[in-house]
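K.L.:
what would the 3D arrangement of this be:
(2 chains)
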Amino acid sequence: ILNVEQSPQSLHVQEGDSTNFTCSFPSSNFYALHWYRWETAKSPEALFVMTLNGDEKKKGRISATLNTKEGYSYLYIKGSQPEDSATYLCAPSLGGYKLSFGAGTTVTVRA
Amino acid sequence: NAGVTQTPKFQVLKTGQSMTLQCAQDMNHEYMSWYRQDPGMGLRLIHYSVGAGITDQGEVPNGYNVSRSTTEDFPLRLLSAAPSQTSVYFCASSYSIPGAYKNIQYFGAGTRLSVL
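P.N.:
Numbering: from 1, shown residues only, chains lettered A, B, ... in the order given. As a prediction, the model looks like this:
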């Protein structure tokens, strides 16, 4: 079990605004960091898997960066849209298949 | 294109009852796992399996039992339901290629369980 912290717990964003939030994890014995997006009444879906320090991943208006030396990752949403409303989960790998999930950041985009 | 299928979607139990949550995947994934999700907490791993006939405990295994007789199916059994087991349960599966820590997990739609 890893101590994974996501902040803030929730945030409200006006449509068109950009936002970002953080995932903090232990920097020792790092394997990979997963980001998942979880929309209400749906299944969590993978956004990114990041393995290298300095990694940057992008998917549409969503991007993520990784700092393995200090143990954090940022997820950015550029020009938020109502369909971006979801809970975003980060999960560092424990090695092998096992992941340790944070409690998530819930994003609500107001039209 | 079913992916990971969980049944039932909703269930209400009385304390002491037993039941089985079903999980099936059609992607030929070796790795399967069960999580529970409670308010304010991340997904917590209950049990997992790296292949047919192989299971192991996760973070919160007490009160749950699993078996893996086929690659496709990974049922979760509640032996004697308790109110503390009220939660949303997710099943997930993953490919088993080298570098497992990079393999994304595919989730089912969840089972919402209430124990009265």
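K.L.:
can you list the residue ranges for helices in chain B?
P.N.:
Assigned by DSSP state H, chain B shows no helices.
K.L.:
can you tell me the closest non-neighbouring residue to the most centrally placed residue in it?
P.N.:
When Cα atoms, centre = their mean is applied to chain B, the residue found nearest the centroid is residue B:34 (2.5 Å). In this structure, residue B:34 finds its nearest non-sequential neighbour in residue B:46, 4.4 Å apart by Cβ to Cβ, 6 or more residues apart in numbering or on different chains. Bear in mind the C-beta positions are built from the backbone N, C-alpha and C, glycine included.
K.L.:
show me what contacts the residue nearest to the centre of chain B?
P.N.:
B:21, B:23, B:45-48, B:58, B:64, B:66, B:74, B:76, B:89-92 (Cβ atoms under 8 Å, 6 or more residues apart in numbering or on different chains).
K.L.:
buried ones from these, can you make that a ChimeraX selection?
P.N.:
Of these, the buried ones go into a single ChimeraX selection, burial set by 16 or more other Cβ atoms under 10 Å in any protein chain shown:
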select /B:21,23,45,46,47,48,58,64,66,74,76,89,90,91,92
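K.L.:
where does chain A have low pLDDT?
P.N.:
Applying pLDDT under 70 to chain A flags no residue at all.
K.L.:
near chain B, which residues of it are found?
P.N.:
A:1, A:4, A:9, A:31-32, A:34, A:42-46, A:49, A:51, A:89, A:91, A:93-104 (Cβ under 8 Å from any Cβ of the partner chain).
K.L.:
so of those, which ones are in helices?
P.N.:
Reading helices off the residues of chain A next to chain B, I find no matches (DSSP H).
K.L.:
show the buried residues in these.
P.N.:
Buried by 16+ other Cβ under 10 Å: A:4, A:31-32, A:34, A:43-44, A:46, A:49, A:89, A:91, A:93-94, A:97-104, out of the residues of chain A next to chain B.
K.L.:
among the residues you listed, name the ones in strands.
P.N.:
Judged by DSSP state E, those include A:34, A:46, A:49, A:89, A:91 as members of strands.
K.L.:
spatially, which two of the residues you listed are the most separated?
P.N.:
Farthest pair in those (Cβ to Cβ) is A:49 and A:89. Separation: 12.8 Å.
K.L.:
still on that earlier bit, from the contacts of residue B:34, which land in strands?
P.N.:
Using DSSP E, the contacts of residue B:34 in strands are B:21, B:23, B:45-48, B:64, B:66, B:76, B:89-92.
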